[in-house]
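>>> A structural model of the following input is requested.
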Amino acid sequence: MTQTGIPAAAAADSTPTAPPQQQEMPLAVVHGQPVLQIPQDLYIPPDALEVILDAFEGPLDLLLYLIRRQNLDILDIPVAEITRQYVAYINVMQDLRFELAAEYLVMAAILAEIKSRMLLPRPPSEEGEEEDPRAELVRRLQEYERFKQAAEDIDRLPRMERDTSTVSVEIPDRATVRLPPPVDLPELLLALHDVLKRAELFTGHAIRRDALSVRQRMGEVLGRLEDGAFHRFESLFDAHEGKLGVVVTLLSLLELTKERLLELVQEAPLAPIYVKSLATRDGSAPVSLVSEFDEDIEDGYDGGA
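Down below sits the predicted model:
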């Protein structure tokens, strides 16, 4: 027991422990012992490391490599030398503990057979020509070379997802409605000023004045616009009617616009103004044309008389 009444074992357990230190990674493990430093007298023999970079897809690929490396004629293969190099390659692979497919060993047996047939005397054939033991091997090598060259040519072609990538983008279907720009009052007054200037160029010789009615002019305007197309603002005025005719036509246009029977459109400032009829022509309901300006115009006629 300690002086504070805490057991000694508990006091020992309550002491903080140091964090574990990370051990140094060994450079190598030799005979089960880690090597932490490179020895000063380290010697690596030249044949201790051998790197083989050539990878073959089969025995025919290896034979074709040995023939092309020495620039040999594939139609006149030195079987003895090629067999020696082929067997040496297989021995190296086995010494390095590489697993070889059975077809490599079969090709070694075929080469050994061809080599023995080349060394042994051959009896003459019935046709008088000796059969070359290498003929079948040459045929297989030529066929393999053609297929290999074709595969390399195809591999050099651009390939999807390897050389190029496709990008697909869906265009959203957004139906945009182009609204005609509204006509400002200054633009309307400017167009009216141009009409009045053109009206001043004509001198009227009226013998009598016909009473001009805004309601009647409203019907005439709708009749001219019944095709539903846009017409120029100036085309609705007749300069021969004088200023009074211009005023009556303007009032009729304003009344029709107020009743939502006309649409005034201007593409840009100072651009021409176009007028289009919005009145229904299906015959379901007649269009009622009433104007409050008719009495004022008639009073103007009486006062003028």
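
>>> Please identify the helix or strand for Y104.
If you go by DSSP states H and E, Y104 is part of helix 102-119.

>>> tell me what that helix is packed against?
Packing partners of helix 102-119 (3 or more CB pairs under 8 Å, 6 or more residues apart in numbering; DSSP states H and E): helix 59-69, helix 79-95, helix 135-155. Yep, even glycine has a C-beta here, placed from its N, CA and C like the rest.

>>> between that helix and helix 59-69, how many degrees?
Angle of helix 102-119 versus helix 59-69, following axes from the mean of the first three to the mean of the last three CA atoms, to 10 degrees, is 60 degrees.

>>> Name the nearest residue to L201, ignoring sequence neighbours.
Distances taken as CB to CB, 6 or more residues apart in numbering put A239 closest to L201, at 7.2 Å, once the chain neighbours are dropped.

>>> Pull the number of nearby residues for the one you found.
18 (other CB atoms under 10 Å).

>>> pretty sure it contacts L196?
No - shown here, A239 and L196 do not form a contact pair, counting by CB atoms under 8 Å, at 9.5 Å.

>>> hey, what's in contact with both of these two?
Contact criterion CB atoms under 8 Å, 6 or more residues apart in numbering; residues shared by A239 and L196: V246.

>>> buried set for stretch 262-278?
Using 16 or more other CB atoms under 10 Å as the test for burial, stretch 262-278 gives 262-266, 273-275, 277.

>>> Now for those: which two are most distant?
Q266 and S277 (16.9 Å; CB to CB).

>>> L212 versus the closest residue to H240 other than its chain neighbours, what's the distance?
Counting by CB to CB, 6+ apart, H240 lies nearest to F202, which is 6.0 Å off, once chain neighbours are set aside. Using CB to CB, to the nearest Å, we find F202 at a distance of 16 Å from L212.

>>> Same check on M25?
Distance of M25 to L212, given as CB to CB: 109 Å.

>>> out of these two, which sits in the more crowded spot?
L212 (21 against 7).

>>> Model confidence for the more buried one, exactly?
With respect to pLDDT, L212 scores 73.

>>> my guess is it contacts L244, does it?
Yes - using CB under 8 Å, L212 is in contact with L244, at 6.2 Å.
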